[in-house]
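J.: Here is my input; please provide its structure:
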Amino acid sequence: MAEKDPEGIIATDPSNNDDRKCLIIRKLLKFNPKEVFTWQLVKTVAMGQGLAALICGTAVTSQYLASDYLVDAPMLQSFMSYTLLCLTYTTALLFRTGDENMFPILKKRWWKYLLLGLVDVEANYTVVKAYQYTTLTSIQLLDCFVIPVLMILSCWFLKTCYRPVHYVSVCVCLLGVGAMVGADLLAGRDLGSTSDILLGDGLVLLSASLYAVSNVCQEYTVKHLSRVEFLGMVGLFGTLISGIQLGVLEHNSVANIQWDWRIGLLFAGYALCMYTLYSCMPIVVKKTSATAVNLSLLTADLLSLFCGLFLFQYTFSGLYMVSLVIILVGFVAFNTVATTPDPADPIAPSVDWEEGGYDNPDDIIEEVVVAVLEEEEGEHTGVSWNQRTQNKEVPAEGRSTKM
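T.: Residues are numbered from 1 along each chain as shown. I've put the predicted structure just below:
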């Protein structure tokens, strides 16, 4: 039965299909673009494309090293990046006091960060190794496997609640990737090897799964612990693991490099781009989510292609621009609706009382319960929870800043 909301407007009954359609129409009529396309959304898009530009920088420097100087030492490149993280963030942990010092952290969670470092190093290594066995087209397509795996892991471990608009947005982004791959095929850029396609495709899928695990761990750590702890521990164990792997697998390749200032500059450029990417990515993840960040990184291949038009004389196709627009539309649509914790599990919200948001975990549970009740009421009144909480006084860092 229809009821009246506090404003005197007859509300619809969600159990009735006709009333549900009327509710959707009312929401569409009340749609205000200024409430969706906010300055925060603009900053989110800009930060995501900044990360994509950094990945583009790593791709361009790697391409120069491989094509112009015949350097094949991906583990050396990773080792340099992890070393920079270790020198800065691990050192910062050494000078912290109390439980935030490096030694108490290692005492409590050393084995977890050891596994995380191993996952991160091997994720980088396996995708580079895949280029020896399969084609660029296969890598671009299969690398998108990270997004569904990441969404599944986020639902299981982070209790993220995705809405239909998020799934539609992801499909739109993947459609843009398909357009990019089609443009590559038309331009004759199906590069790479075909020596063992099955092995190469398996390595790409393995890399995507490892990246998903690493990104979920990163999102949990930066939202519940600290960004410096995550980067310091990844830098420490990443340096150790990549250093051992470098000595075992690439000692001959490194010894055969004909060093000069150009090669040194390219190595330095790669290491700085990757170091900046690792340093900035947790900031964007904390403001949005790991899934949103990976969607924004889909444009990295396109940015690399645009650079290749001038640096490596790639053939241009109008589908590249279409692909870029489609991916950006999907990314924007994904960030217009919040991904909230699962209301069925109020014990695991995406807020952190240890960082000063709340003094007591019970306050968080109470806040989530109130939010769930107001959300159910909002389904009848046409007023969303986000609109209701805009005028509430909530501690500055007590609520997730995800869009």
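J.: Give me the buried stretch members for the helix or strand where residue 266 lies, please.
T.: Under the criterion of DSSP states H and E, residue 266 resides in helix 261-287. Within helix 261-287, the residues scored as buried using 16 or more other C-beta atoms under 10 Å are 263, 266-267, 269-279, 281-282, 284-287. No exception for glycine: its C-beta is placed from N, CA and C like everyone else's.
J.: what's in contact with the helix or strand following that helix?
T.: Once the chain leaves helix 261-287, the next helix or strand it forms, by DSSP H and E, is helix 290-296. With C-beta atoms under 8 Å, 6 or more residues apart in numbering as the test, helix 290-296 has contacts from 44-45, 47-49, 51-52, 146-147, 150-151, 154, 160, 166, 169-170, 173, 211, 215-216, 218-219, 281, 284-285, 327, 330-331, 334-335, 339, 402-403.
J.: give me that answer again for 6 Å
T.: 48, 52, 146-147, 150-151, 173, 215, 219, 284-285, 331, 334-335 (C-beta atoms under 6 Å, 6 or more residues apart in numbering).
J.: Determine which two of those residues are furthest apart.
T.: 52 and 151 (19.6 Å; C-beta to C-beta).
J.: can you map out the helices along the stretch 51-200 of the chain?
T.: Listed from the start of the chain, the stretch 51-200 of the chain has helices (DSSP state H, counting those that start in this stretch) covering 74-85, 91-94, 102-130, 136-142, 146-157, 164-186, 197-224.
J.: and those helices, which is most packed in?
T.: helix 74-85 (a mean of 23; mean count of other C-beta atoms under 10 Å).
J.: average pLDDT for it?
T.: Helix 74-85 shows a mean pLDDT of 93.
J.: buried ones in stretch 47-64?
T.: 47-49, 51-64.
J.: Could you list the buried residues of stretch 251-262?
T.: By 16+ other C-beta under 10 Å, the buried positions in stretch 251-262 come out as 254, 257.
J.: Kindly check the end-to-end length of it for me.
T.: This stretch, stretch 251-262, spans 21 Å end to end (C-alpha to C-alpha, to the nearest Å).
J.: Now find how far off-centre that stretch is within its chain.
T.: From the chain centre to the centre of stretch 251-262 is a distance of 33 Å (C-alpha atoms, centre = their mean, to the nearest Å).
J.: So for it, mean pLDDT?
T.: Here the average pLDDT along stretch 251-262 is 89.
J.: ok, now stretch 213-231?
T.: Here the average pLDDT along stretch 213-231 is 93.
J.: how far away is residue 228 from residue 89?
T.: According to C-beta to C-beta, to the nearest Å, residue 228 stands 6 Å off from residue 89.
J.: Oops, could you answer that again for residue 233 instead?
T.: For residue 233, the distance to residue 89 - C-beta to C-beta - is 8 Å.
J.: Which one of the two is surrounded by more residues?
T.: Remark: of residue 233 and residue 89, residue 233 carries more neighbours, 27 against 23, as counted by other C-beta atoms under 10 Å.
J.: Not including adjacent chain positions, what is the nearest residue to the more buried one?
T.: Closest residue to residue 233 apart from its sequence neighbours, by C-beta to C-beta, 6 or more residues apart in numbering: residue 113 at 3.8 Å.
J.: same deal with residue 165?
T.: Residue 165's closest residue in space is residue 337 (C-beta to C-beta, 6+ apart), at 5.0 Å.
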